[in-house]
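**Student:** Curious how this folds, go ahead:
(chains A and B)
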Amino acid sequence: MSIESGSRPVVLVAEDDPDILQLVAFRLERAGYEVIQATDGEEALRLVTERQPDLAVLDVMMPKVTGYDVTRQIRENQATTKIPVILLTARVQEADVARGFEAGADDYIKKPFSPQELRSRVQAILGRR
Amino acid sequence: MIAFLLWCSLALAAAGGLGVCVLAARRTVVAWKGRRRLEAEGRLLLTAIAVVEGDAVDIACLSEADSRVLASQLGRLGGSLRGTSTERIARFFESSGFVEREVRALKSLRAWRRAKAAFALGDMGSPDAVPELLEALRDPDSAVRGAAARSLGRLRAATAVAPIVSPWPSASSPFPLPGKLY
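**Tutor:** Numbering: from 1, shown residues only, chains lettered A, B, ... in the order given. Have a look, this model is predicted:
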């Protein structure tokens, strides 16, 4: 399913591995989204405030600010509190998943992950809005 | 005597100077290679993504060095992915001859080359390599056996469980688990 250009939803992807960042961005752009990229938590927070994306895909273990903290700060800010957040991480323990949801994440994708599944989850969340 | 000592000091100084020059040259070459590799990785990233996305990729035009960089990039990406993407990566490695080349390298006379091949085969994700990796579990070199075990784990080769946990015939086994599976 692709989206008509002109009304493209904006997705923020924050990931410190450049290969994974480019892959996820490529996959989402191909699905019709406008993708903005961040390589650390600080940059992700700045872009969330500046651009107010429709959805954020955040790696958990990022330099400067972790994905958990970025999610928490997104939720605490009145202007960004409604932005859905998907956490993408190699931390797969139950406690880590619970911590992600407690921080305010809407979904949690474990690495190794399927780019197709990530796209489907993004579409599902944005489709509900 | 003084002349002899003078010559000795001169010789030592010359040897020291030469050593410094060799180290500096080596460092320059390593840095240059690193920069070239980074540049190649940036250039080939879209090709690697195209493989993951299932797009047609022609690697015939790539140099040998670029092919190696692409293979390493795909191996790294494969470690973070699952599902159709890893199947596509495995098919790419099979059809482009990478799997066959590394399987051949498992027979190399040099242990480091065999270990490198055993490690790379796990990243390629091709189940075609499982029989040869099982054989590599009996390699005389522990680094090769370790790499083969790691790769069989990455390939989720159920047939590898018994050979890995069964009693090992050699005292230098990297898998000291005694007893049987059950």
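
**Student:** Apart from its neighbours in sequence, what residue is nearest residue A:63?
**Tutor:** Excluding the flanking residues, the one nearest residue A:63 by C-beta to C-beta, 6 or more residues apart in numbering or on different chains is residue A:40, at 4.4 Å. In short, each C-beta sits where N, CA and C put it, glycine included.

**Student:** I'd say that neighbour and residue A:67 touch.
**Tutor:** No - at 10.5 Å, residue A:40 does not count as touching residue A:67 under the criterion of C-beta atoms under 8 Å.

**Student:** where do the contact lists of these two overlap?
**Tutor:** Common neighbours of residue A:40 and residue A:67 (criterion: C-beta atoms under 8 Å, 6 or more residues apart in numbering or on different chains): residue A:14.

**Student:** And those two? Which one has more around it.
**Tutor:** Using other C-beta atoms under 10 Å in any protein chain shown as the criterion, residue A:40 and residue A:67 rank with residue A:67 on top: 27 against 18.

**Student:** how much space between that one and chain B?
**Tutor:** Residue A:67 sits 15 Å away from chain B, going by C-beta to the nearest C-beta, to the nearest Å.

**Student:** roughly how far apart are the residue nearest to residue A:63 and residue A:61?
**Tutor:** Distance, residue A:40 to residue A:61, by C-beta to C-beta, to the nearest Å: 11 Å.

**Student:** between those two, what contacts are shared?
**Tutor:** With C-beta under 8 Å, 6+ apart, residue A:40 and residue A:61 have common neighbours residue A:16.

**Student:** Tell me which residues touch the residue in chain B positioned nearest to chain A, please.
**Tutor:** Using C-beta to the nearest C-beta, the closest approach of chain B to chain A is made by residue B:83 at 3.6 Å. By C-beta under 8 Å, 6+ apart, the residues touching residue B:83 are A:114, A:116, A:117.

**Student:** Try it again at 10 Å.
**Tutor:** For residue B:83, the contact set (C-beta atoms under 10 Å, 6 or more residues apart in numbering or on different chains) comprises A:112, A:113, A:114, A:115, A:116, A:117.

**Student:** what is the second one paired to in the beta sheet?
**Tutor:** In this structure, residue A:113 bridges to residue B:81 when assessed by DSSP bridges.

**Student:** just checking, it touches residue A:87?
**Tutor:** No - with contacts counted by C-beta atoms under 10 Å, residue A:113 stays clear of residue A:87, the gap being 11.0 Å.

**Student:** So between the two, which is more surrounded?
**Tutor:** residue A:87 (27 against 20).

**Student:** quick one, phi psi at that one?
**Tutor:** Here is the backbone geometry of residue A:87 (degrees, to the nearest 10): phi -90, psi 140.

**Student:** No further questions, thank you.
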